[in-house]
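Trainee: got a structure for you, letters missing:
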């Protein structure tokens, strides 16, 4: 044996351990090879027929091979090696899966930021209104500046026309002023066009944020609306859809209810949400509606409806009144009828 040889006795303990490990690994590989070589190998030939034998022909090395013992039991399967085209396809699929995983992670991170930044729907709507007000004010300033520049340019044009009518050539100074005014107007108009594009882009982002936030909130409270007391505390209701046709009907009736009974106007309305403006008065009634998809724990799609009131004390007292409770009952009655 190895441990009884003079060579083994002369080396230090660490090298002995390494040597034993290498020896065991070699024995394991040899044993596996001998073990597999004792099996019958089965593969499919070029005509699709199964062939078996002790050795695999070279042209079938890359095919799927079954290793069968002497009892006829399959002990091992070596899958067919993929072609270059299949490897390239798999690489593309892996890239798409990686991109989708990255998109989902980014979406989840974005949702977490929304939930950490804003506590309620009205917090988000108020913040968006403030940002849009700033953007709109910049646009108004640009428009008023353009009007002033147009007036100055008109005066210069009339001055040049008067000089031509009097038989005098337009002075170099006036020509420079006209060119400068035209350039200034073009630059201002370009800024205004850019501002309008940015405003449109920002409004699109805001609309997406509102939809995502409302859906996130609806998914969070849907489990908390299983009892009347919880629903009353949250001023909310949930309606389960038994089938797609009923869901369409409930959604249509719920949207009609919001338009009729909310005292604030509808700001955002899609096929997933409907949200009215922030309640400013103490007796304002704002509403939000969302449709959440079915999950493992909830087998049907569901409508989540919520009444929102002014965040001040008077508004919250109004939200806790029988008037709001009656409005919730009326919502269920009208939508379910």
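Mentor: Nice, I can see it. On a predicted model such as this, the values are computed, not experimentally measured, just so you know.
Trainee: can you give me the strands for the protein?
Mentor: Along the chain, the stretches classed as strands by DSSP state E are 40-44, 50-53, 65-68, 74-78, 236-240, 266-269, 273-276, 286-292, 302-308.
Trainee: could the ones you listed be laid out in TSV, adding mean neighbour count and distance to residue 99?
Mentor: C-betas here are computed from N, CA, C, even on glycine. Formatted as TSV, the entries for the strands of the chain read as follows, by neighbours: other Cβ atoms under 10 Å; distance: least, Cβ to Cβ, whole Å:
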stretch	mean neighbour count	distance to residue 99
strand 40-44	17	36
strand 50-53	11	40
strand 65-68	17	35
strand 74-78	13	32
strand 236-240	20	35
strand 266-269	17	29
strand 273-276	25	27
strand 286-292	24	26
strand 302-308	23	31
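Trainee: residue 132: which of the ones you listed is closest?
Mentor: Smallest distance to residue 132 across the strands of the chain (Cβ to Cβ): 10.9 Å, for strand 266-269.
Trainee: check contacts around residue 74.
Mentor: Each residue near residue 74 by Cβ atoms under 8 Å, 6 or more residues apart in numbering is listed here: 66, 67, 68.
Trainee: now flag whichever of the residues you listed is closest to residue 239.
Mentor: Distances from residue 239 to the contacts of residue 74, taken by Cβ to Cβ, are shortest for residue 66, at 56.2 Å.
Trainee: pretty sure that closest one is touching residue 41, no?
Mentor: Yes. If you go by Cβ atoms under 8 Å, residue 66 and residue 41 touch, sitting 7.2 Å apart.
Trainee: residue 318 versus residue 312, what's the distance?
Mentor: 10 Å (Cβ to Cβ, to the nearest Å).
Trainee: where does the spatially closest residue to residue 300 that is not a sequence neighbour land on pLDDT?
Mentor: Of all residues beyond its chain neighbours, the one nearest residue 300 is residue 240 (4.8 Å), with distances taken as Cβ to Cβ, 6 or more residues apart in numbering. For residue 240, the model assigns a pLDDT of 88.
Trainee: report the separation between residue 240 and residue 153.
Mentor: 65 Å.
Trainee: can you check residue 309 too?
Mentor: Here the distance between residue 309 and residue 153 works out to 53 Å (Cβ to Cβ).
Trainee: those two: which is more packed in?
Mentor: Under the criterion of other Cβ atoms under 10 Å, the comparison of residue 309 against residue 153 puts residue 309 first, with 23 against 17.
Trainee: now do the more buried one against residue 288, distance only.
Mentor: Separation of residue 309 from residue 288 (Cβ to Cβ) stands at 12 Å.
Trainee: and if you look at residue 78?
Mentor: The spacing between residue 78 and residue 288, counted by Cβ to Cβ, is 59 Å.
Trainee: so the spatially closest residue to residue 237 that is not a sequence neighbour bridges to which residues?
Mentor: In space, and not counting its chain neighbours, residue 237 is closest to residue 305: 4.8 Å by Cβ to Cβ, 6+ apart. Applying DSSP bridges to residue 305 gives these bridge partners: residue 237, residue 289.
Trainee: okay, now residue 57: neighbour count?
Mentor: 12.
Trainee: my bad, residue 100
Mentor: Around residue 100 there are 10 other residues, counting by other Cβ under 10 Å.
Trainee: so what pLDDT did it get?
Mentor: Here, the pLDDT recorded for residue 100 equals 88.
Trainee: so how far is residue 314 from it?
Mentor: Distance check for residue 100 against residue 314: by Cβ to Cβ, it reads 49 Å.
Trainee: show me which helix runs longest in the chain.
Mentor: Taking DSSP state H as the assignment, the helix of the chain that covers the most residues is helix 172-221.
Trainee: quick one: mean pLDDT for that one?
Mentor: Helix 172-221 comes out with an average pLDDT of 90.
Trainee: and it with strand 286-292, angle?
Mentor: Relative orientation of helix 172-221 versus strand 286-292 (axes from the mean of the first three to the mean of the last three Cα atoms, to 10 degrees): 70 degrees.
Trainee: what packs against helix 172-221?
Mentor: In this structure, helix 172-221 packs against helix 84-117, helix 121-165, strand 266-269, strand 273-276, strand 286-292, strand 302-308, with contacts taken as 3 or more Cβ pairs under 8 Å, 6 or more residues apart in numbering; DSSP states H and E.
Trainee: could you dump those to CSV with distance to residue 235?
Mentor: Supplementary listing: the helices and strands packed on helix 172-221 in CSV, determined by distance: least, Cβ to Cβ, whole Å:
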stretch, distance to residue 235
helix 84-117, 20
helix 121-165, 12
strand 266-269, 18
strand 273-276, 14
strand 286-292, 10
strand 302-308, 4
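Trainee: out of the ones you listed, which gets nearest to residue 188?
Mentor: Taking Cβ to Cβ as the criterion, residue 188 comes closest to helix 121-165 out of the helices and strands packed on helix 172-221, the separation being 4.9 Å.
Trainee: I'd like the average pLDDT over that closest one.
Mentor: Summarised as a single mean, pLDDT over helix 121-165 is 90.
Trainee: and the residue nearest the centre of the chain, how close does it get to residue 123?
Mentor: Within the chain, the residue whose C-alpha comes closest to the C-alpha centroid is residue 107; the distance, by Cα atoms, centre = their mean, is 4.0 Å. Distance from residue 107 to residue 123, counting by Cβ to Cβ: 21 Å.
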